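Asks: Kindly generate the corresponding structure for this input.
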Amino acid sequence: MVDAGVVGSLILHGPPGTGKTTLAVLVAEALDAHLERENAAAIGVPRIREILAAADRRLGDDGRRTILFLDEIHRFSRSQQDVLLGDVERGGIALIGATTENPWYTVNSALTSRSTVIEVRSLDENVIRSLLQRALEDERGLGGLAVVLEHEAADHLAAQCEGDARRALTALEIAAMSLRPGRRSDGAEPVRIDIETARSSLGSRAVVHDRSGDGHYDTISAFIKSMRGSDPDAAIYWLAKMLHAGEDPRFIARRIAILASEDIGQADPEAIQVANAAWQLVERIGMPEAQLTLAQAAIHMAMAPKSNATSSAIWNAMADVREGRTQPVPRELISGMKAGRAPDAPAYRSPHSAADGVGTTDYLGVEKAFYEPTGRGDEADHAERLEKLRTRRRERRDES
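Replies: Just a heads-up that it's a prediction; the model follows:
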């Protein structure tokens, strides 16, 4: 878009400190556009009108476009949006919005439908190290000061900032200034930022997890998928992250219970009992002791054999019902057979009258196979037994 010289509305979303604002500045510089920087939570309609009027004058005077950068665009109100969208669509001003939230859930659909949405991802540790080194060498950073960052300290800052360059650079500046370095031009002896200085400058590690936004949904998703993927170590880590961040333990217990049926089912029928017991204990004992109960339940789910046969069975049956393929109740199964009601219906045959206790009644009226055991865990026995049961009923149907 920059190479073509055509930049419409953009929405940049991603974690803090990953360069969303910097990217907007670089786009404006590449296009030689005037950049206005505002926060969507603080800007009012009068200020928006003022920016639009100035953008029109600028475009008429020298043909220079204006880019409006709005931080926290998920806080942009309907009234603000109504004032701005007309000019954005006419091309009088380009809008670049930034948010740490998922725009598909938090940004007004009128904005997302008119914008190119770009995900900005967390920076990896090698990139953070490069930024730290550049800050130490560049005159716009700490380049004029006699400071040396030890490798161990650089590794610590890169690992602990969770991909947030702003946090890493702030910690580096705090560490450097706390040592009161002299200037290189004065021949000052370099001061060294060691691991202990780096630790104290960075402070406590912030857990990126909120109870209503992306942190909430992304972390519970990772937790569930780790249990589903039979990785107890990953499941315990994501559980610990949620509990440390203050997630409701009852919410976690509910999700474990869902997984017990959805992803384990009859492969390990004990799993749903464990999930139910965990849920009840969480309600009764609360935190912090409930973390032990949740950890035990999570490990059980991760180690259990997996099967989605139960969930597939009910989903497929629901689809049949929803799409109108409902079956009438077979006459033999009609409740309360009385004189004058379906007098020609065959008498119901209880399975207890059979030598093996297996019913051979046509219970559905049509041959359907909703439950298909996977052959894992207890379902290995189910698969063999189910085939025998279906064969018995099929033979009985053929005889009739």
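
Asks: CA only for contacts and neighbour counts going forward, please
Replies: Noted.

Asks: For A98, which three-state class applies?
Replies: Using DSSP: H, G, I helix; E, B strand; the rest coil, the structure places A98 in strand.

Asks: hey, C-alpha coordinates of the helix or strand that A380 is a member of in CSV?
Replies: Counting by DSSP states H and E, the element that carries A380 is helix 379-399. Only the C-alpha atoms of helix 379-399 are listed here, as CSV (Å, rounded to 0.1, in the frame of the first residue of the first chain):
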residue,chain,number,x,y,z
GLU,A,379,-14.2,-47.1,23.5
ALA,A,380,-12.1,-50.0,22.1
ASP,A,381,-14.5,-52.3,23.9
HIS,A,382,-17.5,-50.2,22.9
ALA,A,383,-16.7,-50.5,19.2
GLU,A,384,-16.7,-54.3,19.3
ARG,A,385,-19.8,-54.5,21.4
LEU,A,386,-21.7,-51.8,19.5
GLU,A,387,-21.1,-53.7,16.2
LYS,A,388,-22.6,-56.8,17.7
LEU,A,389,-25.6,-54.9,19.0
ARG,A,390,-26.3,-53.2,15.7
THR,A,391,-25.9,-56.6,13.9
ARG,A,392,-28.5,-58.2,16.2
ARG,A,393,-31.0,-55.4,15.6
ARG,A,394,-30.3,-55.4,11.8
GLU,A,395,-31.0,-59.2,11.7
ARG,A,396,-34.2,-58.8,13.7
ARG,A,397,-35.4,-56.0,11.3
ASP,A,398,-34.7,-58.3,8.3
GLU,A,399,-36.7,-61.1,9.9
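
Asks: quick check, distance from it to the centre of its chain.
Replies: Taking C-alpha atoms, centre = their mean, to the nearest Å, the mean C-alpha location of helix 379-399 is offset from the chain mean by 42 Å.

Asks: Begin at 548, not 1, for the rest of this chat.
Replies: Yep, numbering from 548; the last one is helix 926-946 now.

Asks: Flag every buried residue along that helix.
Replies: Neighbour-count burial for helix 926-946 flags E926, H929, A930, R940 (criterion: 16 or more other C-alpha atoms under 10 Å).

Asks: now swap in stretch 672-680 and tell me
Replies: Neighbour-count burial for stretch 672-680 [16+ other C-alpha under 10 Å]: E672, I675, R676, L678, L679, Q680.

Asks: Low-confidence ranges, the stretch 798-947 of the chain, go.
Replies: 872-873, 880, 882-895, 900-905, 907-910, 912-913, 943-947 (pLDDT under 70).

Asks: try 50 this time
Replies: Along the stretch 798-947 of the chain, the model assigns pLDDT under 50 to residues 884, 886-887.

Asks: thinking again about what came up before, from the buried residues of stretch 672-680, which single one is nearest E830?
Replies: Sorting those by distance to E830 puts E672 at the head of the list, at 40.4 Å, by C-alpha to C-alpha.

Asks: Thought A705 was touching the closest one, still the case?
Replies: Yes: using C-alpha atoms under 8 Å, E672 is in contact with A705, at 5.0 Å.

Asks: got the residue ranges for the strands in the stretch 598-747 of the chain?
Replies: 613-618, 641-646, 662-666, 694-696, 738-740 (DSSP state E, counting those that start in this stretch).

Asks: just the stretch 848-947 of the chain next, same as before
Replies: For the stretch 848-947 of the chain, applying DSSP E, counting those that start in this stretch gives no strands.

Asks: Quick one: the helices in it, in order.
Replies: 856-869, 926-946 (DSSP state H, counting those that start in this stretch).

Asks: Dump these to TSV, plus distance to R714.
Replies: Output for the helices of the stretch 848-947 of the chain, formatted as TSV (distance: least, C-alpha to C-alpha, whole Å):
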stretch	distance to R714
helix 856-869	44
helix 926-946	51
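
Asks: circling back to that earlier point, quick one: the strands of the stretch 598-747 of the chain as TSV, columns for mean pLDDT too.
Replies: Output for the strands of the stretch 598-747 of the chain, formatted as TSV (pLDDT from 0 to 100):
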stretch	mean pLDDT
strand 613-618	91
strand 641-646	90
strand 662-666	89
strand 694-696	91
strand 738-740	92
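
Asks: between the ones you listed, which gets nearest to A849?
Replies: strand 662-666 (31.0 Å).

Asks: Can you point out the buried residues in that closest one?
Replies: In strand 662-666, counting by 16+ other C-alpha under 10 Å, buried: S662, V664.

Asks: do the same with stretch 844-860
Replies: Buried-residue list, stretch 844-860, by 16+ other C-alpha under 10 Å: 844-849, 851-860.

Asks: Can you name the two of these that sit furthest apart?
Replies: Longest span within these, C-alpha to C-alpha: I846 and A860, 25.7 Å.

Asks: per-domain residue ranges of the protein.
Replies: 556-666, 672-749, 761-850, 876-946 (automatic domain parsing).

Asks: I'm done for today, thanks for sticking with me.
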